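Peer 1: I'll drop the sequence and a predicted model, then ask my questions.
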Amino acid sequence: MQSQKIAIIGAGAMGTLFGTHLLEAGKDVIFYDAWEPLVKERQQNPVATLKYSDHSKEVKVQIKLLDESHQDPVDIIIFFVKSSLTKSTIELASQANLIKESTILLTCQGGFENPEFISKYIKPANILVGCTTSYCKAFGMMQISNFDIQATTVWPYKGEPTAHTQAAVQLMSSLKLDMTPKAVADIWKMQLYYTSNIAVSAITKKSFGDAFKLPEGELILNNLADECAKIAKLEGVDTTHFNSEVARKAVKDLAVDCAEHFGSMCADLNAKRVTEIDGTAGALLRKAKQYKVELPFTEAVWALVRVMEQ
């Protein structure tokens, strides 16, 4: 039987983490990235580096520039790009002929609208939306440290799991994927972090813990949690798994468990990069407009970060 081809689109830290663990499990993996300096450097020295506490390990990799030149279609795509780049990247993947009728795509991105954009090119039933607790830290191009593969809950964007998607999850067992409807609630929690703790930290320049321990900070974060839960309910998310109480607890738990963290949005603003704010808080506002409801706290946070991006 011919081996299944897996493409990692986005060879940043998380793409490197997932891709190298699949390679170590004997899978047929190729990386794609649109950033030419990264691709050129790794083509000249085709290894990813995994730094452990007492040693480093190099994993041989194959990487190509994601452009319009003809590529071979793949069986599975794992998508690790910023939500602001989802539309252009999935279009480029289609133009590069990476996608075929049966291709399955796994996304663990931040941003509410990514599956909708991706579904223009891949069957909704073949899109697996995930929330991962795996983590790592980049210290160079395709070089990671402080990493671990932990549970990733996944669920189809539309419908129930099929034999085809279940086989893909089994193939990627080294990533600890768990096909469960709980993934829907997990995904909403992940998006909530972007619109609450991460965004507030970016605006105030305070860590998650410092922002939450102030009465005014807790007030803002709780209201952001309530607004996210309101849209989730309107979207039909099971309130047993995600509601205002769950959302408020998630915000508080992140502030306690990751008290010293500032979040990726703060780092993006410091580096003058576009943040995930429009794909998360902005997407919530667009959904709110459809439902004719107002999200004043979310709108304020979104507007402030957008101003800071300029």
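Peer 2: Received, thanks. Just so we're clear, the structure is a prediction, and the values are computed from it rather than from any experiment.

Peer 1: buried stuff in stretch 8-20?
Peer 2: Neighbour-count burial for stretch 8-20 flags 8-20 (criterion: 16 or more other CB atoms under 10 Å). All C-beta atoms are positioned from the backbone trio N, CA, C, and that covers glycine.

Peer 1: what of stretch 232-243?
Peer 2: By neighbour count on 16+ other CB under 10 Å, the buried set for stretch 232-243 is A232, V237, H241, F242, N243.

Peer 1: got the buried residues of stretch 8-20 as TSV, with distance to Q290 columns?
Peer 2: Below are those laid out as TSV (distance: CB to CB, whole Å):
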residue	distance to Q290
I8	33
I9	29
G10	29
A11	35
G12	32
A13	34
M14	31
G15	32
T16	37
L17	35
F18	33
G19	36
T20	40
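
Peer 1: which residues of the stretch 101-250 of the chain fall in strands?
Peer 2: With DSSP state E, counting those that start in this stretch as the criterion, the stretch 101-250 of the chain has strands at 104-107, 127-132, 135-140, 143-148, 152-156, 177-179.

Peer 1: what's the most buried one of those strands?
Peer 2: The highest average neighbour count among the strands of the stretch 101-250 of the chain, using mean count of other CB atoms under 10 Å, belongs to strand 104-107 at a mean of 26.

Peer 1: how about that strand as PDB, C-alpha atoms only?
Peer 2: Extracted C-alpha coordinates of strand 104-107, given in PDB (Å, rounded to 0.1, in the frame of the first residue of the first chain):
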ATOM      1  CA  ILE A 104      -8.100  16.000   4.600                       C
ATOM      2  CA  LEU A 105      -7.000  19.200   6.300                       C
ATOM      3  CA  LEU A 106      -6.300  19.700  10.000                       C
ATOM      4  CA  THR A 107      -6.300  23.200  11.400                       C
END
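
Peer 1: mean pLDDT and distance to G282 added to the strands of the stretch 101-250 of the chain, as CSV?
Peer 2: Listed next are the strands of the stretch 101-250 of the chain as CSV, based on pLDDT from 0 to 100; distance: least, CB to CB, whole Å:
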stretch, mean pLDDT, distance to G282
strand 104-107, 98, 18
strand 127-132, 96, 19
strand 135-140, 92, 25
strand 143-148, 94, 29
strand 152-156, 97, 24
strand 177-179, 98, 29
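
Peer 1: so which of those strands comes closest to Q191?
Peer 2: strand 127-132 (9.0 Å; CB to CB).

Peer 1: let's see the pLDDT reported for N197.
Peer 2: If you check N197, the pLDDT there is 98.

Peer 1: pretty sure it contacts D253?
Peer 2: No - contact criterion CB atoms under 8 Å: N197 and D253 do not qualify, at 9.9 Å.

Peer 1: how near is M14 to Y193?
Peer 2: 15 Å (CB to CB, to the nearest Å).

Peer 1: for L221, same thing?
Peer 2: Distance from L221 to Y193, by CB to CB: 10 Å.

Peer 1: can you pull the residues that touch both of the two?
Peer 2: Residues touching both L221 and Y193 (CB atoms under 8 Å, 6 or more residues apart in numbering) are V251.

Peer 1: settle it for me: which of these two has more neighbours?
Peer 2: L221 (28 against 19; other CB atoms under 10 Å).

Peer 1: just checking, that one touches I198?
Peer 2: No - judged on CB under 8 Å, L221 makes no contact with I198 at a distance of 10.8 Å.
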